[in-house]
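Chemist: Here is my input, please return the structure:
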Amino acid sequence: MEALVVIAFVLLAMRIVGFVALVLADREPQPTPTPPADPCLSPVWALPPAAATDPELALLHQLRSGEIGREQYRKAIAYLAHRDAAAQPLRTPAR
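Modeler: All right, here's what the predicted structure looks like:
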């Protein structure tokens, strides 16, 4: 009789330990907050300077992450192309 009580206790303990292990394994680690990349404080914090974002690359990341759809992406790229063409028009060479 005592053996059955010991076996039942061991099985119950194993079940509880397994449940706790599964709960702890499913938790996502908390990201550590990073300070903003300020160009004036980058040397003090030993951070690399923040690179200027490319608007086309930013649009591509938004498209891939699902923030914007294909039609919005096409309109935004067309706007960027129109803006670039107005700022730096291409000219054909004179013969």
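Chemist: Below-threshold pLDDT in this protein: ranges please.
Modeler: For the chain, the stretches flagged by pLDDT under 70 are 28-30, 32-52.
Chemist: cutoff 50 now
Modeler: Along the chain, no part satisfies pLDDT under 50.
Chemist: just the strands in the protein please.
Modeler: Counting by DSSP state E, the chain forms no strands at all.
Chemist: Grab the most central residue of it for me.
Modeler: The residue lying closest to the centre of the chain (CA atoms, centre = their mean) is Ser65, at 8.9 Å.
Chemist: Kindly provide the distance from it to Tyr73.
Modeler: Separation of Ser65 from Tyr73 (CB to CB, to the nearest Å): 12 Å. Using the backbone N, CA and C atoms, a C-beta is placed for each residue, glycine as well.
Chemist: top helix in the protein by residue count?
Modeler: Determined from DSSP state H, the single longest helix within the chain is helix 2-26.
Chemist: where along the protein do the helices fall?
Modeler: For the chain, the helices defined by DSSP H cover 2-26, 42-45, 55-65, 70-87.
Chemist: Export those as JSON lines, with columns for distance to Pro93.
Modeler: Putting those into JSON lines (distance: least, CB to CB, whole Å) gives the following:
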{"stretch": "helix 2-26", "distance to Pro93": "65"}
{"stretch": "helix 42-45", "distance to Pro93": "44"}
{"stretch": "helix 55-65", "distance to Pro93": "27"}
{"stretch": "helix 70-87", "distance to Pro93": "18"}
